[in-house]
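Visitor: The amino acid sequence is not available; the structure is as follows:
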């Protein structure tokens, strides 16, 4: 016997490994159980060829093969079973009845095999033994082909009729597996009919099982077209590289030994294929470890630059982005100087935003400067040594002159939307180290990512400015409503004070009158002062400041401001017991605006004689503790079809509303790490629940930093 038993042994072990992998990789669904059954019968089928190729005694080979064949024959109905359960659709009674008949037929053939009615003897072939079938073996061969065709028809039908994108992609993998396994598997039938063709079904079975297991287990499948194109490319390269090497090995055999030995040639081909597959991965692994061992500092700098390249686009503050970009590049390449120029929006000139090391000679480049025009054409990463000498009328105006005068070695153009938005100029590296091709590749990627990051920062700043405008508009809208209510509220105590001053000259000697009315006038003046102070506090538009805040105090202030509005509309505004609430870390002015907007909405929505109540408590939600502020009213409620739109900007049901109050409240609370929910039924009022987390978090955006300009001699 020869070594040919190794191939089916590897196929057997691979099938069992795939069965265990699919079984343990997820829940035991019908499709996973069916795959495990098919993989086990496939392992038995490959074991049959281990016996054929590896057992030298003919009698023992016949007995062992008869035993194993009884189980291996169920491979074909098991594959049909796997195909039927694949779509996950409701049971098709006709298909399941056909499957039952299929299992019954192969069970009958297994019994016939045990009685030696299927295989009469073993014939000798070049690579071992092979089955010599009876007339019943022809029926077995026919059933195998029918099962293959049935599986292929079912897969094609499901592929054409499925409406699920992932199922369609999964079926593509199954069909590719069939295209590989079907022709290879049929070669295993040829030697039984006297056709001396080496059976390749063992290799095909492993490929099929691997592809199907991947399609079952993986939720994120690769694009099948990419898989096919990569496989074809790999085969083509293998033929171009391994083919000539294999041919040379055959010629060397004939020259050295006078003949070509099939066994040695097959082993040589397998060795070349393994080397071709493993070499790229092993080369990359070895390069990384050798570089890490011999040049650890260089590897560390490369890793730092790569990490910054990935995280750079998350930096939205322009000043911080400039500082970190220039600092990381300068430290990573150990530069003697670095300068960053960015385009100025109004004039279009390029101004120096950051400088480290000796100051550049030119702090501004005009938009029409020859150097800027040249940089716009070249783009990418440019080395000084790559610049072709130019002769211009203005001394030093050529790109080469700009590089020389400023002692720059490399310039990285920053391009966004096809437009030059800036450039990064790098001086010499310390200790006379040159920029290598690998360094320039890193700078090329950094330049692309930096361009995207600066564009993101610009858009974010514009968004912040727009948001500030909307905030001010919402605040002014609420302020106008409050002012109207407070003006009415101030008028009543002013009437009392005016009456006191009118009667005072006549009743100057009435001590009781003077004492009581003086005390009343003092209280009314104090109340007017409090109202005006609260109104002025709310009217401010301060810089967001996150600090520890007493939520109960904010609720009291909001109710003080809104009480005149409630009385003017004859609505009762009341507050529950909010004592004992823990302090929260928020921007107090922004949360005050949230309370004003939501309570004011409740007052305006409630008819005369109605009630608006503010209550608060602490709750636990998703492993986080929150202060919950509840604002509910007895108004008409919000229609269900409008409930999901109330937080959309400019959506309003009021005749004179701006539609900004609730969107602003929703955004502010979300930035504070909380959330707002609303419950409403028509005719039964509305209930807003504001949840603010207890703890430290970033409730407001960091203020935009100054563009870092640094210069050192």
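Guide: Looks like it came in fine. Nothing here was measured: the structure is a model prediction, and the numbers come from that model. Numbering: from 1, shown residues only.

Visitor: Would you mind giving me the confidence score for residue 175?
Guide: As predicted, residue 175 sits at a pLDDT of 88.

Visitor: which residue sits closest to residue 144, ignoring its sequence neighbours?
Guide: In space, residue 144 comes closest to residue 76 once its chain neighbours are excluded; the distance is 5.6 Å by C-beta to C-beta, 6 or more residues apart in numbering. Where C-beta positions appear, they are placed from N, C-alpha and C, glycine not excepted.

Visitor: My error: substitute residue 632 in the last question.
Guide: Computed as C-beta to C-beta, 6+ apart, the closest residue to residue 632 that is not its neighbour in sequence is residue 687, at 4.1 Å.

Visitor: Under a three-state scheme, what state does the residue nearest to residue 144 occupy?
Guide: helix (DSSP: H, G, I helix; E, B strand; the rest coil).

Visitor: Please give me every residue in contact with it.
Guide: By C-beta atoms under 8 Å, 6 or more residues apart in numbering, the contact list for residue 76 reads 102, 106, 143, 144, 147, 148.

Visitor: now swap in residue 689 and tell me
Guide: Listed by C-beta under 8 Å, 6+ apart, the contact partners of residue 689 are 628, 629, 630, 676, 677, 678, 679.

Visitor: how many neighbours does the second one have?
Guide: Yep, that's residue 629 we're talking about. Residue 629 has 28 neighbouring residues, counting by other C-beta atoms under 10 Å.

Visitor: can you check the third one too?
Guide: Residues contacting residue 630 under the criterion other C-beta under 10 Å number 14.

Visitor: Okay, and it sits in which element?
Guide: Assigned by DSSP states H and E, residue 630 belongs to strand 624-633.

Visitor: chain center to that strand, what's the gap?
Guide: On the basis of C-alpha atoms, centre = their mean, to the nearest Å, strand 624-633 sits 32 Å off its chain's mean C-alpha point.

Visitor: Kindly report the same for stretch 358-367.
Guide: With C-alpha atoms, centre = their mean, you get 41 Å for stretch 358-367.

Visitor: Can you check the distance spanned by it, start to finish?
Guide: Using C-alpha to C-alpha, to the nearest Å, the end-to-end distance of stretch 358-367 comes to 24 Å.

Visitor: List phi and psi for residue 579.
Guide: Reported as degrees, to the nearest 10, the phi and psi values for residue 579 are phi -70, psi 150.

Visitor: you'd agree it is up against residue 552?
Guide: Yes. Under the criterion of C-beta atoms under 8 Å, residue 579 makes contact with residue 552 at 6.6 Å.

Visitor: neighbour-wise, which of these two wins?
Guide: Neighbour count, other C-beta under 10 Å: between residue 579 and residue 552, residue 552 has more, with 17 against 7.

Visitor: Can you name the residues that contact the nearest residue to that one once chain neighbours are set aside?
Guide: Spatial nearest neighbour of residue 552, chain neighbours left out: residue 578 (4.4 Å); criterion: C-beta to C-beta, 6+ apart. Residues near residue 578 by C-beta under 8 Å, 6+ apart: 551, 552, 555, 614, 615, 616.

Visitor: mind listing which of those are in helices?
Guide: Secondary structure from DSSP state H places 551, 552, 555 of the contacts of residue 578 in helices.

Visitor: got a winner among the contacts of residue 689 for most neighbours?
Guide: Within these, neighbour counts (other C-beta under 10 Å) peak at residue 629, which reaches 28 neighbours.

Visitor: quick one: it from residue 578, how far?
Guide: The gap separating residue 629 from residue 578 is 8 Å, by C-beta to C-beta, to the nearest Å.

Visitor: Overlap in contacts, these two.
Guide: 551, 555, 614, 615, 616.

Visitor: Max pairwise distance over the residues you listed: which two?
Guide: Spatially, the most separated pair among the shared contacts of residue 629 and residue 578 is 551 and 615, at 12.1 Å (C-beta to C-beta).

Visitor: next one: whatever helix or strand comes next after the strand holding residue 630 to chain centre, how far?
Guide: Sequence-wise, the next helix or strand downstream of strand 624-633 (DSSP H and E) is helix 640-643. Distance, stretch centre to chain centre, for helix 640-643: 32 Å (C-alpha atoms, centre = their mean).

Visitor: do stretch 339-350 as well
Guide: With C-alpha atoms, centre = their mean, you get 34 Å for stretch 339-350.

Visitor: so where is the stretch 101-250 of the chain shaky, pLDDT-wise?
Guide: When residues are selected by pLDDT under 70, those of the stretch 101-250 of the chain lie in 219-228.

Visitor: Confirm that the residue nearest to residue 552 sits in a helix.
Guide: No. Assigned with three-state DSSP, residue 578 falls outside any helix and is coil.

Visitor: picking up where we left off before, more neighbours, residue 551 and residue 615?
Guide: Applying other C-beta under 10 Å to residue 551 and residue 615 shows that residue 551 carries more neighbours, namely 22 against 16.

Visitor: So residue 276 sits against residue 239, correct?
Guide: No. The criterion here is C-beta under 8 Å, and residue 276 misses it with residue 239 at 10.5 Å.

Visitor: Looking at the two, which is more packed in?
Guide: Using other C-beta under 10 Å as the criterion, residue 276 and residue 239 rank with residue 276 on top: 15 against 11.

Visitor: Which secondary structure element is home to residue 547?
Guide: Here residue 547 is covered by strand 546-549, with elements defined by DSSP H and E.

Visitor: which parts of that strand are buried?
Guide: Neighbour-count burial for strand 546-549 flags 546, 549 (criterion: 16 or more other C-beta atoms under 10 Å).

Visitor: follow-up on the earlier one: go through the contacts of residue 689 and name the one nearest residue 199.
Guide: Residue 199 has its nearest neighbour among those in residue 677, at 67.0 Å by C-beta to C-beta.

Visitor: what residue ranges in the stretch 401-550 of the chain score low on pLDDT?
Guide: Answering for the stretch 401-550 of the chain: the residues below the bar, that is pLDDT under 70, span 464-493, 495-496, 498-500, 502-503, 507-514, 516-520, 522-524, 526-544.

Visitor: what are the ranges of the strands in it?
Guide: 410-416, 419-426, 546-549 (DSSP state E, counting those that start in this stretch).

Visitor: Save those strands as CSV, and put in distance to residue 83 too.
Guide: Listed next are the strands of the stretch 401-550 of the chain as CSV, based on distance: least, C-beta to C-beta, whole Å:
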stretch, distance to residue 83
strand 410-416, 52
strand 419-426, 56
strand 546-549, 61
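
Visitor: most neighbours per residue, which of these?
Guide: Among these, ranked by average contacts under mean count of other C-beta atoms under 10 Å, first place goes to strand 410-416 (a mean of 22).

Visitor: which residues sit against stretch 335-353?
Guide: The contact list for stretch 335-353 (C-beta under 8 Å, 6+ apart) reads 322, 325-326, 329-330, 354-358, 360, 363-367, 369, 372, 406-408, 414, 420-430, 454, 707-709.

Visitor: how long is it from one end to the other?
Guide: Start to finish, the residues bounding stretch 335-353 are 18 Å apart (C-alpha to C-alpha).

Visitor: So for that stretch, mean pLDDT?
Guide: 84.

Visitor: In it, which residues are buried?
Guide: Buried residues in stretch 335-353, counted by 16+ other C-beta under 10 Å: 335-343, 350-353.
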